[in-house]
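A.B. asks: The sequence and its predicted three-dimensional model are supplied below.
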Amino acid sequence: MDETQLIARVRAGDSAAERALYDAHVDRVYRLAFRLAGDDTLAQDFTQETFIRAFDRLGSFRGDAALSTWLHAITTTVVLNGLRKMKRFRQREADIDDAQSVGVTRREAEPDLKTRLKKAIDALPEGYRTVFVMHDVEGYTHEEIGAALGVETGTSKAQLSRARAKLRVALSDFAGEWVP
Amino acid sequence: MIDQDEDPKFEQWLKDAAKSYHSPLPTPREEMWKRIEEARRNKQVIEIRPWMRWALAAAAVLVIGIGIGRWTAHPRAVNAPVVASADSVRSDVAYQVAAQQYLTRTEVLLTDFRAQSARGRLDPQFVAAARDLLTTTRLMLDSPAANDPRLQPLLEDLELVLAQITQLPAEPGRKNEMDWINQGLNQRSVLTRLRTATPAIPAAPAPVRAQGVS
């Protein structure tokens, strides 16, 4: 059964088709949600919300783009909105992310690359981080990112370059690992 | 400018290193599907219907007067509750705002509860916020809004969870009780139902455009 037939069956209320659609896309949706949220419980919540909204709105899906593109647009909207709500709520707390604070920290204090890299990525502005995670970590193309985020492909490319530039500065004391 | 910054060696190194960033666990397919099915069965889209308005008006007074003040940028304004005028309380906007605020704040609080419970301790401000929301929930349960078969089960579940949270002792080391509350949240799919009960989100995310990148 191709995707068009599957969608038609879902629209007709076929629960087996709903499950088939879910099975076909859930891995990538969950992976993206997890990469952006960094928490299994939140990733599950966001994935569930994505599919609930998708099933509710499938009637308005026109098929101009691939279903996966449409689903990933819902995913990024759900995740980014959810994370924004959390961030607003936690602003009182001392450990809130500071989007402006990508900086060089002393290697002696944090020798672990994994930890340093995580902090540096977390500290990127939201748009930069989203594009970086989608492209460099999850392997989305700029076209897919543009469609999911509702931005031009060029914007996605520019965001990625800027994200990489910030990370390069933040991780400069690891330069020996990429400069032979 | 951007081209000058490109460095294939760095980019490859970064890509390899970033594979460990928020490395996903295996997809819990069945668990999530079960919750999706349950949430869709109990789907509750909150419609602000005329017969519900007076009840939400009461909630609006409480939410606007206590909730917003405590939860937003002016925590010290809590001692001076805002009394909404009769006209504004009657307006559709007030009802919509009240309902949206209530659902959103409850959703955020319960989501944050799970994060805080992982540390095994809740801060006092958090418990105070839960207490305010519990009061609002009970007010809504005492109103005709609770006659709505779609809304009532959610409100009852929220009341139970919020009551459990407010009764948690302040001292640390209560992780078991918190885990128990979390289990209840998961089993009843409370957060999923709450998230899907909130008003629709914008079609496209704003922040990427808001970065000022053309």
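C.D. replies: Perfect, I can see it now.

A.B. asks: rest of the way, CA atoms for contacts and neighbours
C.D. replies: OK.

A.B. asks: and the nearest residue to residue A:152 once chain neighbours are set aside, helix, strand or coil?
C.D. replies: Spatially, and ignoring its direct neighbours in sequence, residue A:152 is nearest to residue A:146 (5.4 Å; Cα to Cα, 6 or more residues apart in numbering or on different chains). Here residue A:146 is recorded as helix under DSSP: H, G, I helix; E, B strand; the rest coil.

A.B. asks: ok, now how distant is residue A:146 from residue A:25?
C.D. replies: 19 Å (Cα to Cα, to the nearest Å).

A.B. asks: Quickly find the element holding the residue of chain A found nearest chain B.
C.D. replies: Chain A approaches chain B most closely through residue A:127 (4.4 Å), counting by Cα to the nearest Cα. According to DSSP states H and E, residue A:127 maps onto helix A:126-132.

A.B. asks: which regions of the chain lie under the pLDDT threshold?
C.D. replies: Just going to use chain A. Per-residue confidence for chain A (pLDDT under 70) gives these ranges: A:89-111, A:180.

A.B. asks: Hmm, no, I was thinking of chain B.
C.D. replies: B:1-5, B:43-97, B:99, B:144-145, B:170-173, B:198-214.

A.B. asks: For it, which segments are assigned as strands?
C.D. replies: With DSSP state E as the definition, chain B shows no strands.

A.B. asks: for it, which helix is longest?
C.D. replies: In chain B, with assignment by DSSP state H, the single longest helix is helix B:92-119.

A.B. asks: ok, back up a step: okay, residue A:146 and residue A:25: which has more neighbours?
C.D. replies: residue A:146 (20 against 15; other Cα atoms under 10 Å in any protein chain shown).

A.B. asks: residues in contact with that one?
C.D. replies: A:152, A:153, A:155, A:156 (Cα atoms under 8 Å, 6 or more residues apart in numbering or on different chains).

A.B. asks: swap in residue B:118?
C.D. replies: Per Cα under 8 Å, 6+ apart, neighbours of residue B:118: residue B:175.

A.B. asks: roughly how far apart are it and residue A:83?
C.D. replies: In terms of Cα to Cα, residue B:118 sits 18 Å off from residue A:83.

A.B. asks: ok, now residue B:164?
C.D. replies: Residue B:164 is 25 Å from residue A:83, by Cα to Cα.

A.B. asks: These two - which one has more neighbours?
C.D. replies: A side-by-side neighbour count of residue B:164 and residue A:83, using other Cα under 10 Å, places residue A:83 first with 18 against 15.

A.B. asks: what about the helix or strand that contains the more buried one, near chain B?
C.D. replies: Secondary structure from DSSP H and E places residue A:83 in helix A:67-89. Yes. Using Cα under 8 Å from any Cα of the partner chain, we find that helix A:67-89 touches chain B at A:73, A:74, A:76, A:77, A:78, A:80, A:81, A:85, A:86, A:89.

A.B. asks: can you check stretch A:55-66 too?
C.D. replies: No. Stretch A:55-66 lies apart from chain B when judged by Cα under 8 Å from any Cα; the minimum separation is 9.1 Å.

A.B. asks: What ranges does chain A have for its helices?
C.D. replies: Ranges of helices in chain A, per DSSP H, are A:3-11, A:15-37, A:40-57, A:67-89, A:113-122, A:126-132, A:142-149, A:153-170.

A.B. asks: helices or strands up against the shortest one?
C.D. replies: Other helices and strands packing on helix A:126-132, by 3 or more Cα pairs under 8 Å, 6 or more residues apart in numbering or on different chains; DSSP states H and E, are helix A:153-170.

A.B. asks: For the helix it packs on, what is the distance to the chain centroid?
C.D. replies: In terms of Cα atoms, centre = their mean, to the nearest Å, the centre of helix A:153-170 is found 15 Å from the chain centre.

A.B. asks: ditto for stretch A:46-61
C.D. replies: With Cα atoms, centre = their mean as the basis, stretch A:46-61 stands 17 Å off its chain's centre.

A.B. asks: cool, stretch A:76-87 as well?
C.D. replies: 10 Å.

A.B. asks: deepest of the helices of chain A, which one?
C.D. replies: helix A:126-132 (a mean of 24; mean count of other Cα atoms under 10 Å in any protein chain shown).

A.B. asks: now that helix: how far from the chain's centre is it?
C.D. replies: 8 Å.

A.B. asks: again, but for stretch A:137-144
C.D. replies: Distance of stretch A:137-144 from the chain centroid (Cα atoms, centre = their mean) equals 10 Å.

A.B. asks: Alpha carbons of it, as PDB, please.
C.D. replies: Output of stretch A:137-144 as PDB, limited to C-alpha atoms (Å, rounded to 0.1, in the frame of the first residue of the first chain):
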ATOM      1  CA  VAL A 137      23.200  15.000  14.300                       C
ATOM      2  CA  GLU A 138      20.100  13.500  12.600                       C
ATOM      3  CA  GLY A 139      21.100  14.000   9.000                       C
ATOM      4  CA  TYR A 140      18.100  16.000   7.700                       C
ATOM      5  CA  THR A 141      18.800  17.900   4.500                       C
ATOM      6  CA  HIS A 142      18.400  21.700   4.400                       C
ATOM      7  CA  GLU A 143      15.400  21.300   2.200                       C
ATOM      8  CA  GLU A 144      13.700  19.000   4.800                       C
END
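
A.B. asks: Is any residue of it near chain B?
C.D. replies: Yes. Stretch A:137-144 is in contact with chain B by Cα under 8 Å from any Cα, via residue A:137.

A.B. asks: How about residues contacting that stretch?
C.D. replies: The contact list for stretch A:137-144 (Cα under 8 Å, 6+ apart) reads A:32, A:69, A:134, A:135, A:153, A:156, A:157, B:15, B:18, B:19, B:21.

A.B. asks: what do you get if the cut-off is 10 Å, keeping everything else the same?
C.D. replies: A:28, A:31-32, A:35, A:65-66, A:68-70, A:72-73, A:131-135, A:145-157, A:160, B:14-23 (Cα atoms under 10 Å, 6 or more residues apart in numbering or on different chains).

A.B. asks: again with stretch A:16-29
C.D. replies: Stretch A:16-29 has contacts (Cα under 10 Å, 6+ apart) with A:1, A:3, A:5-11, A:15, A:32-35, A:43-44, A:46-48, A:50-51, A:54-55, A:67-68, A:71-72, A:74-76, A:138, B:24, B:26-30, B:32-33, B:37.
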